[in-house]
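> Provided below for reference: sequence and predicted model.
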Amino acid sequence: MLLRKLHENQEALKQIGREALVDSRRLGLPISAMDLENEAKANTMDRAAREKEERAPAALRQ
């Protein structure tokens, strides 16, 4: 129960961060190198997770 709530809170914080970056870009504010690095890392992780979901299990590929 607590782990699920922790995961939900982490996802909510990630979403807040994404929205803050979008707003910063929209307003023309500078974005720190650390924020850009974190965004690139998150995008890579998100892409890997989507690809993992799209792949069929080995038993179904035969």
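Thanks, I have the structure now. The model shown is predicted, which means the values in this text are computed figures rather than measured ones. Numbering: from 1, shown residues only.
> Local confidence estimate at Met1?
Per-residue pLDDT puts Met1 at 86.
> can you pull the contacts of Gly28?
Gly28 makes contact with no residue under the criterion Cβ atoms under 8 Å, 6 or more residues apart in numbering. For every residue, glycine as well, the C-beta is placed using N, CA and C.
> Torsion angles phi and psi at it?
phi 80, psi 20 (degrees, to the nearest 10).
> Number the chain from 875, please
In the new numbering, first residue 875, that becomes Gly902.
> how near is the residue most central in space within the chain to Glu927?
Centrality entry for the chain: nearest residue to the mean C-alpha point is Ala916, 4.3 Å, by Cα atoms, centre = their mean. Per Cβ to Cβ, to the nearest Å, Ala916 is found 17 Å from Glu927.
> follow-up on the earlier one: nearest residue to the residue nearest to the centre of the chain in space, please, no chain neighbours.
Lys888 (6.9 Å; Cβ to Cβ, 6 or more residues apart in numbering).
> For that neighbour, what is the enclosing helix or strand?
Remark: Lys888 resides in helix 876-901, with elements defined by DSSP states H and E.
> For that helix, buried residues please.
Leu895 (16 or more other Cβ atoms under 10 Å).
> List the contacts of the closest residue to Arg899 other than its chain neighbours.
Leaving aside its chain neighbours, Arg899 sits nearest to Ile905 (7.0 Å; criterion: Cβ to Cβ, 6+ apart). By Cβ under 8 Å, 6+ apart, the contact list for Ile905 reads 895, 898-899.
> quick one: low-confidence parts of the protein?
Within the chain, the stretches with pLDDT under 70 are 930-936.
> if we go to 50?
Applying pLDDT under 50 to the chain flags no residue at all.
> How is Leu903 assigned, secondary-structure-wise?
What DSSP: H, G, I helix; E, B strand; the rest coil gives for Leu903 is coil.
> Roughly how far does the residue nearest to Ala916 sit from Glu913?
Distance of Lys888 to Glu913, given as Cβ to Cβ: 10 Å.
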